[in-house]
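Colleague: Based on what follows, work out the 3D shape:
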Amino acid sequence: MPHGVRAIVLEETGSTNAEALRRWQAGEGCPFWVMAARQSAGRGRGGREWISQPGNLFASHALQTQGSPAALTQLAFVAGLAVYDVACAPGPIASDALALKWPNDLLLDGAKVAGILIEAHQHPARGENVVIVGFGLNLASHPQEARARSTDLARHGRRLTPPAALEILAERFAFWQQKWDAAHGFAAIRKAWLSRAAGLGAPVAVRDGQCERRGIFAGLGEDGALQLKRDDGSIECIYAGDLFVRPCR
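Modeller: Below is the predicted model of the structure:
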(Lines give C-alpha, C1' and ligand atoms only; values in the text may rest on other atoms or scores of the structure.)
Protein backbone atom coordinates (compact mmCIF):
# COMPACT_ATOMS: atom_id res chain seq x y z
CA MET A 1 0.00 0.00 0.00
CA PRO A 2 2.03 3.04 -1.21
CA HIS A 3 2.28 5.85 1.33
CA GLY A 4 -0.82 4.72 3.20
CA VAL A 5 -3.09 4.99 0.14
CA ARG A 6 -4.89 1.98 -1.32
CA ALA A 7 -3.23 0.47 -4.37
CA ILE A 8 -5.03 -1.82 -6.80
CA VAL A 9 -2.43 -3.93 -8.61
CA LEU A 10 -3.46 -5.74 -11.79
CA GLU A 11 -1.71 -8.07 -14.18
CA GLU A 12 -3.34 -6.43 -17.20
CA THR A 13 -5.85 -3.73 -18.05
CA GLY A 14 -6.69 -1.63 -21.07
CA SER A 15 -5.69 1.66 -19.48
CA THR A 16 -4.99 2.41 -15.81
CA ASN A 17 -6.77 5.77 -16.20
CA ALA A 18 -9.85 4.03 -17.60
CA GLU A 19 -9.68 1.37 -14.88
CA ALA A 20 -9.41 4.00 -12.15
CA LEU A 21 -12.43 5.81 -13.59
CA ARG A 22 -14.47 2.60 -13.79
CA ARG A 23 -13.71 1.71 -10.19
CA TRP A 24 -14.53 5.22 -8.94
CA GLN A 25 -17.83 5.16 -10.81
CA ALA A 26 -18.56 1.80 -9.16
CA GLY A 27 -18.04 3.29 -5.69
CA GLU A 28 -14.30 3.05 -4.94
CA GLY A 29 -13.46 5.89 -2.57
CA CYS A 30 -10.67 8.38 -3.26
CA PRO A 31 -7.76 8.54 -3.04
CA PHE A 32 -6.45 5.32 -4.55
CA TRP A 33 -3.88 4.10 -7.06
CA VAL A 34 -4.19 1.63 -9.91
CA MET A 35 -1.09 -0.06 -11.30
CA ALA A 36 -0.91 -2.70 -14.04
CA ALA A 37 1.94 -4.89 -15.24
CA ARG A 38 0.60 -4.57 -18.79
CA GLN A 39 -1.67 -2.15 -20.65
CA SER A 40 -3.38 -3.04 -23.91
CA ALA A 41 -4.78 0.43 -24.65
CA GLY A 42 -2.52 2.94 -22.92
CA ARG A 43 -3.15 6.59 -23.82
CA GLY A 44 -1.12 9.76 -23.78
CA ARG A 45 -2.06 13.39 -24.20
CA GLY A 46 -4.26 14.21 -27.18
CA GLY A 47 -5.45 10.62 -27.49
CA ARG A 48 -2.05 9.40 -28.63
CA GLU A 49 -1.11 5.78 -28.02
CA TRP A 50 1.17 5.09 -25.07
CA ILE A 51 3.26 2.04 -25.97
CA SER A 52 3.19 -0.11 -22.85
CA GLN A 53 6.16 -2.44 -22.73
CA PRO A 54 6.54 -4.96 -19.86
CA GLY A 55 8.71 -3.90 -16.93
CA ASN A 56 7.71 -0.24 -17.10
CA LEU A 57 5.45 1.68 -14.73
CA PHE A 58 1.82 2.23 -15.70
CA ALA A 59 -0.10 3.79 -12.82
CA SER A 60 -2.97 6.17 -12.17
CA HIS A 61 -3.95 8.12 -9.07
CA ALA A 62 -7.60 9.00 -8.45
CA LEU A 63 -8.25 11.91 -6.13
CA GLN A 64 -10.88 14.49 -5.45
CA THR A 65 -9.84 18.11 -5.80
CA GLN A 66 -11.14 21.34 -7.25
CA GLY A 67 -12.15 20.61 -10.82
CA SER A 68 -11.40 24.03 -12.32
CA PRO A 69 -9.15 24.21 -15.41
CA ALA A 70 -6.56 26.15 -13.42
CA ALA A 71 -6.46 23.49 -10.70
CA LEU A 72 -6.05 20.71 -13.25
CA THR A 73 -3.22 22.57 -14.97
CA GLN A 74 -1.43 23.15 -11.66
CA LEU A 75 -1.85 19.49 -10.70
CA ALA A 76 0.10 18.53 -13.83
CA PHE A 77 3.14 20.35 -12.41
CA VAL A 78 2.68 18.59 -9.05
CA ALA A 79 2.71 15.28 -10.93
CA GLY A 80 5.77 16.31 -12.93
CA LEU A 81 7.78 17.05 -9.80
CA ALA A 82 6.78 13.69 -8.33
CA VAL A 83 7.88 11.65 -11.34
CA TYR A 84 11.11 13.69 -11.55
CA ASP A 85 11.87 12.56 -7.99
CA VAL A 86 11.25 8.92 -8.93
CA ALA A 87 13.89 9.15 -11.67
CA CYS A 88 16.33 10.60 -9.12
CA ALA A 89 15.68 7.84 -6.57
CA PRO A 90 18.19 5.19 -7.77
CA GLY A 91 21.06 7.55 -6.90
CA PRO A 92 22.78 10.83 -7.82
CA ILE A 93 22.31 12.08 -11.35
CA ALA A 94 23.81 15.02 -13.21
CA SER A 95 21.70 18.10 -12.61
CA ASP A 96 21.35 18.76 -16.32
CA ALA A 97 20.51 15.18 -17.33
CA LEU A 98 16.90 15.26 -16.11
CA ALA A 99 14.47 17.98 -17.12
CA LEU A 100 10.73 18.59 -17.02
CA LYS A 101 9.33 19.46 -20.43
CA TRP A 102 6.23 21.62 -20.56
CA PRO A 103 3.50 20.67 -20.16
CA ASN A 104 3.74 17.06 -18.96
CA ASP A 105 6.87 15.12 -19.96
CA LEU A 106 10.09 14.11 -18.24
CA LEU A 107 13.30 14.06 -20.30
CA LEU A 108 16.52 12.18 -19.61
CA ASP A 109 19.46 13.38 -21.69
CA GLY A 110 16.94 15.08 -23.98
CA ALA A 111 14.82 11.96 -24.63
CA LYS A 112 11.37 11.28 -23.22
CA VAL A 113 11.37 8.91 -20.26
CA ALA A 114 7.94 9.64 -18.75
CA GLY A 115 4.60 11.20 -19.57
CA ILE A 116 1.56 12.32 -17.60
CA LEU A 117 -2.12 12.34 -18.53
CA ILE A 118 -4.66 14.20 -16.35
CA GLU A 119 -8.39 13.72 -16.81
CA ALA A 120 -11.34 15.14 -14.86
CA HIS A 121 -14.75 13.48 -14.65
CA GLN A 122 -18.09 14.03 -12.94
CA HIS A 123 -20.28 11.20 -11.68
CA PRO A 124 -23.61 11.45 -13.55
CA ALA A 125 -25.66 10.33 -10.53
CA ARG A 126 -23.69 11.50 -7.49
CA GLY A 127 -22.58 14.85 -8.95
CA GLU A 128 -19.09 14.30 -7.50
CA ASN A 129 -15.87 15.13 -9.32
CA VAL A 130 -12.72 13.07 -9.65
CA VAL A 131 -9.31 13.82 -11.11
CA ILE A 132 -7.29 10.92 -12.46
CA VAL A 133 -3.55 11.44 -12.91
CA GLY A 134 -1.95 8.82 -15.16
CA PHE A 135 1.79 8.12 -15.25
CA GLY A 136 3.85 6.21 -17.78
CA LEU A 137 7.51 5.83 -16.81
CA ASN A 138 10.00 3.87 -18.89
CA LEU A 139 11.87 1.85 -16.30
CA ALA A 140 13.25 -1.14 -18.21
CA SER A 141 12.73 -0.37 -21.90
CA HIS A 142 11.43 2.21 -24.33
CA PRO A 143 9.71 2.23 -27.73
CA GLN A 144 12.11 2.02 -30.64
CA GLU A 145 9.64 3.55 -33.07
CA ALA A 146 7.96 6.44 -31.32
CA ARG A 147 6.68 9.86 -32.29
CA ALA A 148 9.39 11.47 -30.14
CA ARG A 149 12.85 10.24 -29.16
CA SER A 150 12.57 8.19 -25.98
CA THR A 151 14.74 6.37 -23.45
CA ASP A 152 14.47 4.40 -20.22
CA LEU A 153 16.07 4.47 -16.78
CA ALA A 154 17.77 1.07 -17.12
CA ARG A 155 19.65 2.24 -20.19
CA HIS A 156 21.24 4.86 -17.96
CA GLY A 157 22.09 2.36 -15.23
CA ARG A 158 19.14 3.34 -13.05
CA ARG A 159 17.14 0.27 -12.04
CA LEU A 160 13.74 0.28 -10.36
CA THR A 161 10.95 -2.28 -10.35
CA PRO A 162 7.38 -1.03 -10.97
CA PRO A 163 6.29 -1.69 -7.33
CA ALA A 164 9.32 0.21 -6.00
CA ALA A 165 8.71 3.06 -8.43
CA LEU A 166 5.05 3.29 -7.39
CA GLU A 167 6.02 3.43 -3.71
CA ILE A 168 8.32 6.39 -4.37
CA LEU A 169 5.87 8.06 -6.74
CA ALA A 170 3.02 7.93 -4.23
CA GLU A 171 5.21 9.39 -1.47
CA ARG A 172 6.55 12.20 -3.64
CA PHE A 173 3.15 13.00 -5.10
CA ALA A 174 1.77 13.35 -1.56
CA PHE A 175 4.72 15.59 -0.65
CA TRP A 176 4.26 17.97 -3.58
CA GLN A 177 0.46 17.90 -3.30
CA GLN A 178 0.75 19.02 0.32
CA LYS A 179 2.92 21.95 -0.77
CA TRP A 180 0.35 22.81 -3.45
CA ASP A 181 -2.51 22.62 -0.95
CA ALA A 182 -0.65 24.74 1.61
CA ALA A 183 -0.85 28.52 1.86
CA HIS A 184 1.98 29.10 -0.62
CA GLY A 185 0.05 27.03 -3.18
CA PHE A 186 1.16 27.13 -6.79
CA ALA A 187 3.94 29.66 -6.19
CA ALA A 188 6.08 26.98 -4.51
CA ILE A 189 5.24 24.41 -7.18
CA ARG A 190 6.00 26.83 -10.01
CA LYS A 191 9.38 27.76 -8.50
CA ALA A 192 10.38 24.12 -8.03
CA TRP A 193 9.19 23.12 -11.50
CA LEU A 194 11.00 25.98 -13.24
CA SER A 195 14.26 25.03 -11.51
CA ARG A 196 13.98 21.68 -13.33
CA ALA A 197 12.55 22.95 -16.64
CA ALA A 198 13.86 22.10 -20.09
CA GLY A 199 14.53 25.11 -22.30
CA LEU A 200 13.92 27.88 -19.78
CA GLY A 201 15.46 31.08 -21.15
CA ALA A 202 16.20 29.44 -24.50
CA PRO A 203 14.66 29.71 -27.99
CA VAL A 204 11.73 27.31 -28.33
CA ALA A 205 8.87 26.50 -30.65
CA VAL A 206 5.38 25.50 -29.57
CA ARG A 207 3.17 23.63 -32.00
CA ASP A 208 -0.57 23.22 -31.63
CA GLY A 209 -2.00 21.51 -34.68
CA GLN A 210 -0.87 23.48 -37.73
CA CYS A 211 -0.02 26.57 -35.65
CA GLU A 212 3.57 27.17 -34.56
CA ARG A 213 4.83 29.96 -32.32
CA ARG A 214 8.48 30.79 -31.68
CA GLY A 215 10.21 32.82 -29.03
CA ILE A 216 12.07 32.57 -25.74
CA PHE A 217 10.69 30.36 -22.97
CA ALA A 218 10.40 33.10 -20.34
CA GLY A 219 8.60 31.27 -17.52
CA LEU A 220 5.21 30.10 -16.28
CA GLY A 221 2.16 32.19 -15.52
CA GLU A 222 0.26 31.84 -12.25
CA ASP A 223 -2.18 29.60 -14.11
CA GLY A 224 0.58 27.34 -15.50
CA ALA A 225 0.61 28.86 -18.98
CA LEU A 226 3.92 28.87 -20.82
CA GLN A 227 5.17 32.44 -21.20
CA LEU A 228 6.69 32.95 -24.64
CA LYS A 229 8.70 36.11 -25.20
CA ARG A 230 8.32 37.24 -28.79
CA ASP A 231 10.81 39.21 -30.89
CA ASP A 232 9.06 42.49 -30.09
CA GLY A 233 9.43 41.89 -26.34
CA SER A 234 5.79 41.04 -25.75
CA ILE A 235 4.80 37.99 -23.67
CA GLU A 236 2.33 35.51 -25.10
CA CYS A 237 0.68 32.97 -22.78
CA ILE A 238 0.24 29.50 -24.27
CA TYR A 239 -2.02 26.91 -22.71
CA ALA A 240 -1.63 23.90 -25.01
CA GLY A 241 0.83 22.52 -27.52
CA ASP A 242 4.02 20.55 -28.01
CA LEU A 243 7.24 22.25 -26.93
CA PHE A 244 10.41 21.96 -29.00
CA VAL A 245 13.44 23.26 -27.16
CA ARG A 246 15.18 24.03 -30.42
CA PRO A 247 12.85 25.57 -33.00
CA CYS A 248 12.09 23.21 -35.85
CA ARG A 249 13.12 24.27 -39.34
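
Colleague: Span of stretch 59-70 from start to end?
Modeller: Taking Cα to Cα, to the nearest Å, the first and last residues of stretch 59-70 lie 23 Å apart.

Colleague: ok, residue 180 touching residue 73?
Modeller: No - the pair formed by residue 180 and residue 73 falls short of the contact definition of Cβ atoms under 8 Å, at 11.6 Å. C-beta: built from backbone N, CA, C; applies to glycine.

Colleague: Count the residues that sit near residue 152.
Modeller: Taking other Cβ atoms under 10 Å as the criterion, the count of residues near residue 152 is 22.

Colleague: quick check: mean pLDDT across the longest strand along the chain?
Modeller: Identified as the longest strand of the chain according to DSSP state E is strand 111-122. Across strand 111-122, the average pLDDT comes to 91.

Colleague: That strand: which residues count as buried?
Modeller: Within strand 111-122, the residues that count as buried by 16 or more other Cβ atoms under 10 Å are 111, 112, 113, 114, 115, 116, 117, 118, 119, 120, 121.

Colleague: Return the member of those residues nearest to residue 13.
Modeller: Nearest to residue 13 among the buried residues of strand 111-122, counting by Cβ to Cβ, is residue 117 at 14.6 Å.

Colleague: Show me what the closest residue to that closest one other than its chain neighbours is bridged to.
Modeller: Take residue 117 and drop its neighbours on the chain: the residue closest to it by Cβ to Cβ, 6 or more residues apart in numbering is residue 134, 4.1 Å away. When bridges are assigned using DSSP bridges, the partners listed for residue 134 are residue 60, residue 117.

Colleague: quick one: secondary structure of residue 175?
Modeller: Under DSSP: H, G, I helix; E, B strand; the rest coil, the three-state class of residue 175 is helix.

Colleague: for it, what are its contacts?
Modeller: Counting by Cβ atoms under 8 Å, 6 or more residues apart in numbering, residue 175 touches residue 82.

Colleague: for residue 245, same thing?
Modeller: Contact criterion Cβ under 8 Å, 6+ apart gives 101, 110, 198, 199, 202, 204 as the residues in contact with residue 245.

Colleague: With residue 57 instead?
Modeller: Residues in contact with residue 57, defined by Cβ under 8 Å, 6+ apart, are 35, 135, 136, 137, 139, 160, 162, 165, 166, 169.

Colleague: Report the two of those residues separated the most.
Modeller: 136 and 160 (14.0 Å).

Colleague: can you count the residues close to residue 163?
Modeller: For residue 163, the tally of surrounding residues (other Cβ under 10 Å) stands at 13.

Colleague: Leaving out chain neighbours, which residue sits closest to the residue most central in space within the chain?
Modeller: For the chain, the residue whose C-alpha lies nearest the mean C-alpha position (Cα atoms, centre = their mean) is residue 116; its distance is 2.8 Å. Excluding its sequence neighbours, the residue lying closest to residue 116 (Cβ to Cβ, 6+ apart) is residue 104, at 4.1 Å.
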